[in-house]
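Chemist: Could you look at this predicted model? Sequence included:
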Amino acid sequence: ILLPPLLLRFYPLIKRTKLKLPAVSTHGFGKRVLKARYVIVGLALLAAVPLYLAQKNIDYYYATSENLDPSSPSIVDGETMNRIFKSGNVVALILPNDGGAAEEKIAKELKTLPEVTTVTALTTLADNATSTLVIPESARSRFVSDEHRIMQIALDLPVDGERTEKVLDTIEEIAHRYEENALLAGEATVYREFHKITDVDFVRVNILSIVLIGLIVLVSFKSLSVPILLVFVIRMGTWINIAIPYFAGTKLSFLSAIIVGAIQLGATVDYAILFTSMMQAGLKERGGGIDTAVTALAQTAPAITTSA
């Protein structure tokens, strides 16, 4: 709404300040692309399945510390605190206050796990029957209230990762054997929930985006075959970018995948519609043939390369 009146109002100024740059012909580019069309299509079909599987199996990380430079103050200070106070990866197990019977059994079994370094609870500090006598009330209040008891579990594991998630699942399995209302909380459990939620959401978003793109293209071009072709091309572009870290053997932030996918999806939809519109207009004016495709490529290449 704003751009057309601005361009009309300032057109004399735009004309006077136009730069005299050498013209770059994209006609040759279009010819070379069309000459290799069979090779390009063949490579795309051969690469589609590997690229899809690669981007699907990429290793994502969810911890915010992975995004920071190892020499940054927050990382250095955190490592220093972990080294001095042995804090590391600590999760809290919250239990209903049943007097400590379930807590004592859970703590005893958790100590047998090799990944668990320490288990701290009221029943591990003193015998349950005599804890009220030997532990001051100020210390007792850190581990027990009228309704709940809390157990601190230190793990010799990073806060994020597949192995950490398996150990958390094991801790919950042990706790639920003795108390079905047990609740595990902590930084590591947050990242585990991120992993579970995003795995499902990625699939839902991808399916929804494919359906919406197909509907947009279907309405735009009133064709059943054009949406299929454009959706394939659009998804291929996204698969290529997301699959690069997989083949490079590097982990990717789950937020990076969302951002890259969203930006490229929006851009490639515009590019695909622009080129297809030019191609259809050329077919109506000049009929079929290589020249029509070359002209469409030459006309759309400047706009696509400039915005990209």
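Modeler: Ah, there it is.
Chemist: Stretch 112-131: which residues count as buried?
Modeler: L113, E115, V116, T117, V119, T120, A121, L122, T123, T124, S131 (16 or more other C-beta atoms under 10 Å). All C-beta atoms are positioned from the backbone trio N, CA, C, and that covers glycine.
Chemist: any idea how far the second one is from I171?
Modeler: Applying C-beta to C-beta, to the nearest Å, the value for E115 to I171 is 9 Å.
Chemist: Quick one: mean pLDDT for stretch 241-261?
Modeler: The average pLDDT for stretch 241-261 rounds to 83.
Chemist: Equivalent analysis for stretch 5-23, please.
Modeler: 78.
Chemist: just stretch 50-62 next, same as before
Modeler: For stretch 50-62, the mean per-residue pLDDT is 86.
Chemist: What lies in contact with that stretch?
Modeler: By C-beta atoms under 8 Å, 6 or more residues apart in numbering, the residues outside stretch 50-62 that reach it are 160, 191, 194-195, 198, 236, 238-240, 242-243, 245-247, 251-254, 257.
Chemist: Buried ones among those?
Modeler: Buried among those (16+ other C-beta under 10 Å): 160, 191, 195, 198, 236, 238-239, 242-243, 245-246, 252-254, 257.
Chemist: quick one: low-confidence ranges for this protein?
Modeler: Along the chain, the model assigns pLDDT under 70 to residues 21-27, 65-70, 74-75, 77-79, 81-88, 128-133, 287-289, 306-308.
Chemist: So which residue is smack in the middle of it?
Modeler: Nearest residue to the geometric centre of the chain (C-alpha atoms, centre = their mean): F254, 2.4 Å.
Chemist: Check the burial of the spatially closest residue to that one that is not a sequence neighbour by counting its neighbours.
Modeler: Closest residue to F254 apart from its sequence neighbours, by C-beta to C-beta, 6 or more residues apart in numbering: Y60 at 4.4 Å. By other C-beta atoms under 10 Å, the residues close to Y60 number 19.
Chemist: Over to Y60: give its phi and psi.
Modeler: The phi and psi values for Y60, taken as degrees, to the nearest 10, are phi -100, psi 150.
Chemist: how far away is it from Y246?
Modeler: 11 Å.
Chemist: and what of G237?
Modeler: Distance, G237 to Y246, by C-beta to C-beta: 16 Å.
Chemist: List of residues touching stretch 29-39?
Modeler: For stretch 29-39, the external contacting residues (C-beta under 8 Å, 6+ apart) are I40, I290, A293, V294, T295, A296, L297, A298, A301.
Chemist: Considering these, which is situated nearest to G261?
Modeler: I40 (23.2 Å; C-beta to C-beta).
Chemist: what's the closest one sitting at in phi/psi?
Modeler: Taking degrees, to the nearest 10 as the convention, I40 sits at phi -60, psi -50.
Chemist: what does H148 give?
Modeler: Note on H148: its backbone torsions stand at phi -140, psi 160 [degrees, to the nearest 10].
Chemist: That one contacts D98, doesn't it?
Modeler: No: if you go by C-beta atoms under 8 Å, H148 and D98 don't touch, sitting 10.1 Å apart.
Chemist: Check which helices and strands the helix of greatest length in the chain sits against.
Modeler: Longest helix of the chain, by residue count under DSSP state H: helix 187-221. Under the contact definition 3 or more C-beta pairs under 8 Å, 6 or more residues apart in numbering; DSSP states H and E, helix 187-221 sits against strand 89-96, helix 162-178, helix 225-248, helix 254-286.
Chemist: Need the winner for burial among the ones you listed.
Modeler: strand 89-96 (a mean of 19; mean count of other C-beta atoms under 10 Å).
Chemist: could you give the angle of that one to helix 187-221?
Modeler: Counting by axes from the mean of the first three to the mean of the last three C-alpha atoms, to 10 degrees, strand 89-96 lies at 100 degrees to helix 187-221.
Chemist: Count the residues that sit near Q299.
Modeler: 18.
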